[in-house]
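Enquirer: I would like the atomic coordinates for the input below:
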Amino acid sequence: MSWYHLAGKDLISTKDWTKEELEIVLKVTEELKALYYAGVPHHTLKDKTFLMLFFNPSTRTRLSFETAMTQLGGHAQYITGADLRLSLEDKPGAGETVKDTAKVMSRYAHGIGIRLLEDKVSRWGEDTEILYKFAEFADIPVINMASNSWHPCQGLTDIYTIREKLASDLKGVRYTIMWAYSPWARSLGSVQEEMLVAARFGLEVVVAHPKGYELEPEALALAKRYAEGSGGKFEVTSDLDDALKGATIVFPRGWMSLRRYEIGKEAEIKNAEKFKDWKYTRQRQKELGKPGYLMHVMPIDRGHEADPEICDDPELSWMYDQAENRLHVQKAILSLTMGGRPS
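Expert: Below is the predicted model of the structure:
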């Protein structure tokens, strides 16, 4: 495997990349972060353009990708779904097709990022289908900036952060990914990607959730297979306190059920209220965590998903380091997929 093989490669989910390819991203991240802190320019994408198509707004995703392209010597162009005549339905009269939009974007730029999830689609899996359709027709790399099922940039960011904080050998590190109450009804993308990457890199992954908040079967099967191959562990439980026992790291995050599009958003939010006791509290951290470092992709619902005291604990909370590392990891992803040379 040579680094230039990643030139032009799409990143819809880490499941589409080999472990070796993911390791290359982490290695390049380390080098680019070192250059950033040394004040050394690293214009790997000079005069190149990254088109960012946001159907859903974001804080960290937009800021980190725009800053990344600036630091790499290129330009990031922000586009909303409303800015285009694009139709996600391929039928006469609906609007410009995904195929035509992707082909034209390929003539103007060197990469496309797409953020599409939650209320911007009408059924489960529609967003993923559209992402892969863009990738099929675009002649430049397509990067998933968050979907209902996958969030590869976040997953890679978080394994980079864990290795930076602890060590490259993660055997025996217990990582508890827990459903936590929030009325926000968010996607599963970051949760599932987190689970896959952690299992692939040898952590002991525990997923805890109330009944009714199961993850996608494909993601669960992949996590189990990855854990078996890496020497890690993978388990799913509905016992929150048992899941937190001995946890090195805890990721408390609310996610919507797989029935969300059937029952509607209001019913989804109402159902979640049955489980308000599902949160990462200071008491649980002290009694069960070992030590229970807090990871969160943000925005975090303070007081619901986790106690503010944990969020603001400088010894336990890794949230802001994660947020910064999105910048460095995405610079590596962009440099590798939009730079180099085709194989």
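
Enquirer: just the helices in the protein please.
Expert: For the chain, the helices defined by DSSP state H occupy 19-38, 60-71, 98-108, 126-137, 152-165, 189-200, 217-230, 240-244, 260-263, 265-272, 282-288, 308-311, 319-338.

Enquirer: could you list the low-confidence segments of the chain?
Expert: For the chain, the stretches with pLDDT under 70 are 1-2, 93-94, 341-343.

Enquirer: how is it divided into domains?
Expert: What the record gives for the chain is the domain set 3-150+323-338, 153-319, from automatic domain parsing.

Enquirer: mean neighbour count for the ones you listed - can I get that in a markdown table?
Expert: (Each C-beta comes from the backbone N, C-alpha and C, glycine too.) What follows is the domains of the chain, written out as a markdown table (neighbours: other CB atoms under 10 Å):
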| stretch | mean neighbour count |
| --- | --- |
| domain 3-150+323-338 | 18 |
| domain 153-319 | 19 |
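
Enquirer: now Tyr175: how far from Glu235?
Expert: Tyr175 is 11 Å from Glu235, where distance means CB to CB, to the nearest Å.

Enquirer: do Gly246 as well
Expert: 13 Å.

Enquirer: Trp179 now?
Expert: Trp179 is 15 Å from Glu235, by CB to CB.

Enquirer: how about Leu203?
Expert: Distance, Leu203 to Glu235, by CB to CB: 12 Å.

Enquirer: what's the answer for Met319, then?
Expert: Distance of Met319 to Glu235, computed by CB to CB: 25 Å.

Enquirer: likewise for Trp150?
Expert: Separation of Trp150 from Glu235 (CB to CB) stands at 22 Å.

Enquirer: again with Thr80
Expert: Distance of Thr80 to Glu235, computed by CB to CB: 41 Å.

Enquirer: and Ala185, by the same measure?
Expert: As judged by CB to CB, Ala185 and Glu235 stand 26 Å apart.

Enquirer: who's in contact with His75?
Expert: Neighbouring residues of His75 by CB atoms under 8 Å, 6 or more residues apart in numbering: 48-50, 69.

Enquirer: spit out the contact partners of Leu215.
Expert: 188, 191-192, 195, 207, 209, 236.

Enquirer: now these as a markdown table including distance to Thr61?
Expert: Formatted as a markdown table, the contacts of Leu215 follow (distance: CB to CB, whole Å):
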| residue | distance to Thr61 |
| --- | --- |
| Leu188 | 17 |
| Val191 | 16 |
| Gln192 | 17 |
| Met195 | 20 |
| Val207 | 24 |
| His209 | 25 |
| Val236 | 28 |
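
Enquirer: which residue packs closest to Ser122, ignoring adjacent ones?
Expert: Closest residue to Ser122 apart from its sequence neighbours, by CB to CB, 6 or more residues apart in numbering: Tyr261 at 6.7 Å.

Enquirer: now that neighbour: how far from Ser187?
Expert: With CB to CB as the criterion, Tyr261 and Ser187 are 12 Å apart.

Enquirer: what sits against the closest residue to Asn144 other than its chain neighbours?
Expert: Distances taken as CB to CB, 6+ apart place Ile12 nearest to Asn144, at 4.7 Å, with adjacent residues excluded. Neighbouring residues of Ile12 by CB under 8 Å, 6+ apart: 128, 131-132, 135, 142, 144, 147, 150, 152.
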